[in-house]
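Novice: A structural model of the following input is requested.
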Amino acid sequence: MPKKKVKISTISALLCTLIGLALIFATIENVPSKPAYAAGVTGVIVPLYTYPTSSTWDSIVQTKGANPNVPIIAIINPSNGPGTSQDSNYVAGTQKLQSGNITVLGYVHTSYGQRSIRLAEAEIEKYHTWYNTVDGIFFDEMSNKAGKESYYQTLSNYADSLGLTVSVGNPGTDTIPSYIGTVDNLVIYESAGLPSLSYLGGWHSNYDKANFSILPYAVSSLDKDYTASATSYTGFIYITNDDVPNPWDSLPSYFGDLVATVDAANSGTFVSPPPPEPLPGKTITVNSVNLKGAPIVGMWTTVAKDGVTVQTGYTPLSFNAQDGATYVITVANYRQHIFDHWDDGSTNSARTITATADMTLTAYYRQ
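Specialist: Residues are numbered from 1 along each chain as shown. Reported below is the predicted structural model:
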């Protein structure tokens, strides 16, 4: 019996189907996804507005290596945006950051929703074309006024379509709930000093903390207790001692401690640091005697520092003075005992001293 012939058209249709399925699976396989951060974990977000040859880029990579469980986002800003042409140092720098498991965002300003979508999308496209290792976009100068939500949703969707799947918006101050979801994360504080924990709570507590970040600057030293507490309210945090005009052109000396504190808070192992050791003090003793040098006890004495009374009592009186601090010591009269002079010859019952050493002061009384 002759074999049945298969029509060419049938074979072509089958091949087309197989090719189509292969393309679909290939597309699905290559769709960029958002970084997988553990639920409830707080990360560190760094406005990395230094040039890629700066040691700050290596420092971030090294700190991430020492704290692998802390998500770190680095925001790059070649020239108030991607600039006018590709910079090979930024290509190498972003690759280095990503090789260190750091999420990289490109800076795009939006002029509080007044900049045209076309211009903003053009800059997003440049990041995609020139620095294709960039993971997402940092939308600066974000509006917090009702009515611009669709503007930011449009930009986020466009970035997503190019594979830039992480979006952070920066109003720099508190915003309104309708902006949640227009970007992945909102910076609700960018100012000098630390925001209060009550500020971080408020209405924000009705939403997942992953929606919020803070960027305090001009903070001279790291308050580890505050930092650990702030992780309960924020998805990302950054604190620096740098200040205006550009708080983002360096890393704080305590950057490693910042990331380590966030790591400890995430894991539940944070322990409050012990209080600082008190400064070594000086012992000041006030005695009272008659004009012949015989002791008299019970003369009322007041000790003041910076205009505030810090100790009172009867002679002989001793107190621990802060090293180098200035005090005013005043002795009072009592009945027939009238103040005459101090052992240094001064006749004013209020005596000013600077505590540079242990000392004994003697007040002379006449009867």
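Novice: quick one: the helices in the stretch 201-350 of the chain?
Specialist: 224-230, 255-267 (DSSP state H, counting those that start in this stretch).
Novice: Format those as TSV; extra columns: distance to Pro216, mean pLDDT and mean neighbour count.
Specialist: Every residue, glycine included, has its C-beta placed from N, CA and C. As requested, the helices of the stretch 201-350 of the chain are exported to TSV (distance: least, Cβ to Cβ, whole Å; pLDDT from 0 to 100; neighbours: other Cβ atoms under 10 Å):
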stretch	distance to Pro216	mean pLDDT	mean neighbour count
helix 224-230	9	96	18
helix 255-267	11	97	20
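Novice: okay, these in CSV with distance to Leu361 next?
Specialist: Shown next, in CSV, are these (distance: least, Cβ to Cβ, whole Å):
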stretch, distance to Leu361
helix 224-230, 40
helix 255-267, 44
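Novice: Of all the ones you listed, which one is nearest Pro71?
Specialist: Smallest distance to Pro71 across those (Cβ to Cβ): 9.3 Å, for helix 255-267.
Novice: could you dump stretch 44-58 to PDB, C-alpha only?
Specialist: What follows is stretch 44-58, C-alpha atoms only, in PDB (Å, rounded to 0.1, in the frame of the first residue of the first chain):
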ATOM      1  CA  VAL A  44      20.300  50.500  52.200                       C
ATOM      2  CA  ILE A  45      19.900  52.900  49.300                       C
ATOM      3  CA  VAL A  46      22.900  55.100  48.400                       C
ATOM      4  CA  PRO A  47      22.800  58.200  46.100                       C
ATOM      5  CA  LEU A  48      26.100  57.400  44.600                       C
ATOM      6  CA  TYR A  49      26.800  60.800  42.900                       C
ATOM      7  CA  THR A  50      30.500  60.200  42.600                       C
ATOM      8  CA  TYR A  51      32.500  59.300  39.500                       C
ATOM      9  CA  PRO A  52      33.100  55.600  39.000                       C
ATOM     10  CA  THR A  53      36.800  55.900  39.600                       C
ATOM     11  CA  SER A  54      36.200  57.100  43.200                       C
ATOM     12  CA  SER A  55      37.000  54.700  46.000                       C
ATOM     13  CA  THR A  56      33.400  55.000  47.200                       C
ATOM     14  CA  TRP A  57      32.300  52.600  44.500                       C
ATOM     15  CA  ASP A  58      34.700  49.900  45.700                       C
END
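Novice: For that stretch, what is the distance to the chain centroid?
Specialist: Computed by Cα atoms, centre = their mean, to the nearest Å, the chain-centroid distance of stretch 44-58 equals 15 Å.
Novice: Which of the helices of the stretch 201-350 of the chain sits closest to Gly202?
Specialist: Between those, helix 224-230 lies closest to Gly202; by Cβ to Cβ that is 13.6 Å.
Novice: Relative to the whole chain's centre, how far out is that closest one?
Specialist: With Cα atoms, centre = their mean, you get 10 Å for helix 224-230.
Novice: Which residues does it contact?
Specialist: 194, 197, 200, 214, 237, 239, 257-258, 261-262, 264-265, 270, 272-273 (Cβ atoms under 8 Å, 6 or more residues apart in numbering).
Novice: Mind doing that once more with 7 Å?
Specialist: The contact list for helix 224-230, computed with Cβ atoms under 7 Å, 6 or more residues apart in numbering, reads 194, 197, 200, 214, 237, 239, 258, 261-262, 265, 270, 272-273.
Novice: same check, this time on stretch 134-141
Specialist: 35, 75, 94, 103-112, 124, 127, 152, 155, 159, 164-170, 183.
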